[in-house]
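**Student:** Mind folding the following:
(chains A and B, ligands or ions: 4)
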Amino acid sequence: MINTPVDTKDTEFPISRQPTHSELVARGVTLPIAAGLSSRAAAPPSIGSASPEVVSVSLTVNGTLHALMLDTRTTILDLLREHLDLTGTKKGCDQGQCGACTVLIDGRRVNSCLTFAVMYDGAQITTIEGLATKGTLHPLQQAFIDHDAFQCGYCTPGQICSAVGLISEGRAKTADDIRELMSGNLCRCGAYGNILAAIAQAMRRA
Amino acid sequence: MISFHYARASCVGEALQEVAGDANAKFIAGGTNLIDLMKMDVERPTKVIDITRLPLKRVERTPGGGLRIGALVRNTDLAYHPLVEQRYPVLADAIMAGASQQLRNMASTGGNLLQRTRCAYFYDIATPCNKREPGSGCSAIEGQNRMHAILGGSEACIATHPSDMCVALAMLDAKVHVGSASGDRVIAFADFHRLPGDTPQRDTHLNAGEIITAVELPPKGFATNYTYLKIRDRLSYAFALVSVAVGLELDGDTIKEGRFALGGVAHKPWRDPQAEAVLRGQPAHAATFARAAGVVLRDARGYAHNTFKIDLARRCIVRALTQAACGTPQSQSAKKIV
Ligand SMILES: Cc1cc2nc3c(=O)[nH]c(=O)nc-3n(C[C@H](O)[C@H](O)[C@H](O)COP(=O)(O)OP(=O)(O)OC[C@H]3O[C@@H](n4cnc5c(N)ncnc54)[C@H](O)[C@@H]3O)c2cc1C
Ligand code: SF4
Ligand code: FES
Ligand code: FES
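**Tutor:** Numbers count the residues shown, from 1 in each chain, chains lettered A, B, ... in the order given. Ligands and ions are numbered 1, 2, ... in the order given. The predicted model follows:
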């Protein structure tokens, strides 16, 4: 794993307080504010940032179809959090290094921070918000509670979505397999022991 | 990230048309390396060509008894493919040793070959780096170089190629199928990646306007005596300090053919015919393996923080060859060292 010495702060400004943005939203268009796009001082002037490229994208998220106009740079992670208000999916590193942003796309677990939404036009996305059915928790959600498989909870949505993927892959047979195949989800609180127990329980009952 | 125009190709011809003559265009497959580098402003394409819908997603037998892997086959699908698991287990293991399941679910075969170095200075646009900005200097040679090359480096760059999959492909003598507007060609794996020399900005011999269409495996898969041993700072989800892919063909205790490739030590997966010649016809014992390790590392050179890799590589080679000879390959799950 690399630790790049560069700051990895989100380069998109929070956009909800910009009046122009709400006007656009009213028309169903969501754009990042162009001026916020090259905030890193050392970066050479960004050639294209003055005129964001906007494309139409349709995606089904947790069973609901969304048709959106998006900047081509929008990741599925930012789409979920900033455009659809589904903030259960977390941004940890934004670089594929932590797994906090794990969601299921067409049934496979992926890092949503490393996806351009436009590439997934037509896809089915499931996030942590889409796992429970009619007030009943998903077996993995219940197992995480039963085993106290979190402390701060920041990594938990990613852990649970990742574990849903793990179980449907059907490859994990032993505790070592679970550890290895869950290694893409870091937990800074170190709740690994209980996470393992929770997943093993859900696997036994699956 | 700068803004970019998005184009979607539905066939190879369309992808080639989109890329033709546009030096600022980039293909995107899994996106796991390109998007990361675009966020860091290291890659600044003004046009991104989505090739994920190209019909290059199959793993097929070749008439010659080998396997042809489409450039868009995902890393997980390749590692779990029955023919790969049975006939080329060293490839399956190398893939499973890399990244995480989420990343392998996205990453493509072609993209894995073309992933760029993880040198921290390459990622940091505030520092000089000849690979990112030719002529600006190399920050690693006198800087933090623990992860860097001990073989084949140059005054201009000592970066390593980070792929695990490519180490196995190099050992297996894979071939890379490439398409372009001017026709198709096939590149032997050993000639695909290059050494940095004084043009470290070029990682491979792929030319502008070319697209990888497939990777071909020859029939020989070394499914009985093989291993992929990867040593890293933690047991999973970390890049290799040193890795070794081994394939042995034994006749009793005697090595008929022995191959090994090293990862994490050079600008490309490292194979050395001279070192492999040392194995041929010799008993499959630690003494033979140590001699081969001595040959492959004869010109190894360490820098301030990575000299340990020379000794580590020596021990990894002996251990990996021993694992392969005993038929007890490294477990990518339990990691137990035999
Ligand atoms: C946190 C993290 C940890 C990782 N750990 C490991 C590890 O331990 N071991 C390891 O081996 N890898 C590791 N990886 C790297 C991962 O394997 C690569 O990012 C992945 O294989 C790249 O494939 P992709 O399809 O996503 O490529 P993309 O990001 O889509 O593309 C990469 C490059 O290839 C070009 N390209 C893609 N396909 C083609 C084609 N068919 N023809 C021509 N050009 C093409 C693109 O233009 C781009 O320049 C890690 C990555 C991350 C983010
Ligand atoms: S080792 Fe290569 S990639 Fe790293 S700083 Fe030097 S030139 Fe750049
Ligand atoms: S936010 Fe860390 S992997 Fe995506
Ligand atoms: S519970 Fe805090 S990071 Fe995992």
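
**Student:** Flag the shaky bits of chain B, pLDDT-wise.
**Tutor:** B:337-338 (pLDDT under 70).

**Student:** Residue of it closest to ligand 4, please.
**Tutor:** Residue of chain B nearest ligand 4, by C-beta to the nearest ligand atom: B:Tyr237 (15.1 Å). Bear in mind the C-beta positions are built from the backbone N, C-alpha and C, glycine included.

**Student:** Of all residues in chain B, which one is nearest the centre?
**Tutor:** B:Cys166 (2.6 Å; C-alpha atoms, centre = their mean).

**Student:** Can you give me every residue that contacts the closest residue to it other than its chain neighbours?
**Tutor:** Excluding the flanking residues, the one nearest B:Cys166 by C-beta to C-beta, 6 or more residues apart in numbering or on different chains is B:Pro269, at 5.0 Å. Under the criterion of C-beta atoms under 8 Å, 6 or more residues apart in numbering or on different chains, the neighbours of B:Pro269 are B:161, B:163, B:166-167, B:169-171, B:189, B:193, B:245, B:261-263.

**Student:** which phi and psi does B:Leu83 have?
**Tutor:** phi -70, psi -30 (degrees, to the nearest 10).

**Student:** Confirm for me that the residue nearest to the centre of chain B is in contact with B:Ala190.
**Tutor:** No. Counting by C-beta atoms under 8 Å, B:Cys166 does not reach B:Ala190; the two are 11.1 Å apart.

**Student:** what about the closest residue in space to B:His193 that isn't next to it in sequence, neighbour count?
**Tutor:** Nearest in space to B:His193, with sequence neighbours left out and distances taken as C-beta to C-beta, 6+ apart, is B:Lys268 at 3.4 Å. Close neighbours of B:Lys268, defined as other C-beta atoms under 10 Å in any protein chain shown, add up to 28.

**Student:** Just the strands from the chain, written as ranges.
**Tutor:** As the question left the chain open, I've gone with chain A. Using DSSP state E, the strands found in chain A span residues A:54-61, A:64-71, A:102-105, A:108-111, A:124-126.

**Student:** my bad, the chain I had in mind was chain B
**Tutor:** With DSSP E as the criterion, chain B has strands spanning B:5-8, B:25-28, B:47-50, B:59-61, B:67-70, B:175-179, B:185-188, B:211-217, B:225-231, B:242-251, B:254-263, B:270-271.

**Student:** Export those as JSON lines, with columns for distance to ligand 4 and mean neighbour count.
**Tutor:** Formatted as JSON lines, the strands of chain B follow (distance: least, C-beta to the nearest ligand atom, whole Å; neighbours: other C-beta atoms under 10 Å in any protein chain shown):
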{"stretch": "strand B:5-8", "distance to ligand 4": "34", "mean neighbour count": "18"}
{"stretch": "strand B:25-28", "distance to ligand 4": "30", "mean neighbour count": "21"}
{"stretch": "strand B:47-50", "distance to ligand 4": "33", "mean neighbour count": "22"}
{"stretch": "strand B:59-61", "distance to ligand 4": "37", "mean neighbour count": "14"}
{"stretch": "strand B:67-70", "distance to ligand 4": "36", "mean neighbour count": "24"}
{"stretch": "strand B:175-179", "distance to ligand 4": "41", "mean neighbour count": "21"}
{"stretch": "strand B:185-188", "distance to ligand 4": "44", "mean neighbour count": "13"}
{"stretch": "strand B:211-217", "distance to ligand 4": "38", "mean neighbour count": "24"}
{"stretch": "strand B:225-231", "distance to ligand 4": "26", "mean neighbour count": "26"}
{"stretch": "strand B:242-251", "distance to ligand 4": "29", "mean neighbour count": "23"}
{"stretch": "strand B:254-263", "distance to ligand 4": "31", "mean neighbour count": "24"}
{"stretch": "strand B:270-271", "distance to ligand 4": "38", "mean neighbour count": "24"}
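
**Student:** Could you check how far the residue nearest to B:Ala304 when sequence neighbours are not counted is from B:Cys138?
**Tutor:** Leaving aside its sequence neighbours, B:Ala304 sits nearest to B:Asn145 (C-beta to C-beta, 6+ apart; 6.2 Å). Separation of B:Asn145 from B:Cys138 (C-beta to C-beta, to the nearest Å) stands at 9 Å.

**Student:** next one: A:Thr126
**Tutor:** From A:Thr126 to B:Cys138 the distance is 45 Å (C-beta to C-beta).

**Student:** next one: B:Ile28
**Tutor:** B:Ile28 is 28 Å from B:Cys138, by C-beta to C-beta.

**Student:** returning to that earlier point: I'd like the strands of chain B written out as JSON lines, with distance to ligand 1 added.
**Tutor:** Shown next, in JSON lines, are those (distance: least, C-beta to the nearest ligand atom, whole Å):
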{"stretch": "strand B:5-8", "distance to ligand 1": "13"}
{"stretch": "strand B:25-28", "distance to ligand 1": "4"}
{"stretch": "strand B:47-50", "distance to ligand 1": "8"}
{"stretch": "strand B:59-61", "distance to ligand 1": "15"}
{"stretch": "strand B:67-70", "distance to ligand 1": "9"}
{"stretch": "strand B:175-179", "distance to ligand 1": "8"}
{"stretch": "strand B:185-188", "distance to ligand 1": "12"}
{"stretch": "strand B:211-217", "distance to ligand 1": "4"}
{"stretch": "strand B:225-231", "distance to ligand 1": "8"}
{"stretch": "strand B:242-251", "distance to ligand 1": "9"}
{"stretch": "strand B:254-263", "distance to ligand 1": "8"}
{"stretch": "strand B:270-271", "distance to ligand 1": "15"}
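
**Student:** Need the overlap of contacts for B:Asn145 and B:Cys138.
**Tutor:** B:Ile158.

**Student:** what's around the residue of the stretch 201-338 of chain B at minimum distance from ligand 3, how many residues?
**Tutor:** In the stretch 201-338 of chain B, the residue that lies nearest ligand 3 is B:Tyr237 (10.6 Å; C-beta to the nearest ligand atom). Neighbour count for B:Tyr237, taken as other C-beta under 10 Å: 21.

**Student:** does it really touch A:Gly184, like I thought?
**Tutor:** Yes. At 5.9 Å, B:Tyr237 and A:Gly184 qualify as touching, with contact defined as C-beta under 8 Å.

**Student:** Now for these two: what residues contact both?
**Tutor:** B:99-100.

**Student:** For B:Val48, list each beta-bridge partner.
**Tutor:** B:Tyr6, B:Lys26 (DSSP bridges).

**Student:** low pLDDT regions in chain A?
**Tutor:** For chain A (pLDDT under 70), the answer is A:1-50.

**Student:** got the residues of it near ligand 1?
**Tutor:** A:96-97 (C-beta under 6 Å from any ligand atom).

**Student:** And for chain B?
**Tutor:** B:26-34, B:36, B:51, B:71, B:98-99, B:103, B:106-108, B:110-112, B:114-115, B:162-165, B:211-212, B:239.

**Student:** can you list the residues that contact stretch B:276-286?
**Tutor:** Counting by C-beta under 8 Å, 6+ apart, B:248, B:250, B:253-260, B:288-289, B:291-292, B:295, B:318, B:321-322, B:325 sit against stretch B:276-286.

**Student:** what do you get if the cut-off is 6 Å, keeping everything else the same?
**Tutor:** B:250, B:253, B:255, B:258-259, B:288, B:291-292, B:295, B:318, B:325 (C-beta atoms under 6 Å, 6 or more residues apart in numbering or on different chains).

**Student:** same thing with stretch B:66-78?
**Tutor:** Contacts for stretch B:66-78 (C-beta under 6 Å, 6+ apart): B:54, B:56-60, B:62, B:84, B:95, B:104-105, B:107-110, B:212-219.

**Student:** Pretty sure A:Glu180 sits against B:Ser333.
**Tutor:** Yes. Contact criterion C-beta atoms under 6 Å: A:Glu180 and B:Ser333 qualify, at 4.6 Å.

**Student:** Nothing else from me, thank you.
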